[in-house]
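In: give the three-dimensional model of this entry:
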Amino acid sequence: MNQPFPSLITTDAQAGLALAASLADQLQSHMDQAIAKAGRPGGMNYQLPAAVPKEITTSVLFYAVAAANQGWAAKD
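Out: Below you'll find the predicted structure:
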């Protein structure tokens, strides 16, 4: 996983939301790959926990993008 980290600085909230959704897609993909590679202890009786919905991951990442942009405050 040698991917460069994108800048969290965006021009407006809409671009920030698009960035957060893109990062959530990438994160979900990496998590799915990791779960597929991992063994399941306990054999067939072991159940995996429910996956975190993409919307929740996107909202957490959007908060991080908004914090990095200081809330997209209007410039005077």
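In: now do the buried residues in the longest helix along the chain.
Out: Longest helix in the chain by number of residues, with DSSP state H as the criterion: helix 13-37. If you call a residue buried by 16 or more other CB atoms under 10 Å, then helix 13-37 has these buried ones: 16-17, 19-21, 23-24, 27-28. All C-beta spots, glycine's among them, are computed from the backbone N, C-alpha and C.
In: quick one: residues in contact with that helix.
Out: 1, 3, 6, 8, 10, 48, 51, 54, 57-59, 61-62, 64-66, 69, 72 (CB atoms under 8 Å, 6 or more residues apart in numbering).
In: next SSE after that helix?
Out: Where DSSP states H and E defines the elements, the next helix or strand beyond helix 13-37 is helix 54-68.
In: buried residues, stretch 67-76. List them.
Out: Residues of stretch 67-76 classed as buried by neighbour count (16+ other CB under 10 Å): Asn69.
In: may I have that stretch as CSV, with CA atoms only?
Out: Output of stretch 67-76 as CSV, limited to C-alpha atoms (Å, rounded to 0.1, in the frame of the first residue of the first chain):
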residue,chain,number,x,y,z
ALA,A,67,-11.2,20.4,10.0
ALA,A,68,-8.2,20.6,7.6
ASN,A,69,-10.0,23.3,5.7
GLN,A,70,-11.0,25.2,8.9
GLY,A,71,-14.7,24.9,7.9
TRP,A,72,-14.2,26.7,4.6
ALA,A,73,-14.5,30.1,6.3
ALA,A,74,-15.4,32.9,4.0
LYS,A,75,-12.4,35.1,3.2
ASP,A,76,-12.8,38.8,3.9
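In: quick check: mean pLDDT of it?
Out: Across stretch 67-76, pLDDT averages out at 80.
In: now what about that stretch, what contacts it?
Out: For stretch 67-76, contacts defined as CB under 8 Å, 6+ apart pick out 8-10, 12-13, 16, 66.
In: ok now it, how far from the chain's centre?
Out: Per CA atoms, centre = their mean, to the nearest Å, the displacement of stretch 67-76 from the mean C-alpha position of its chain is 21 Å.
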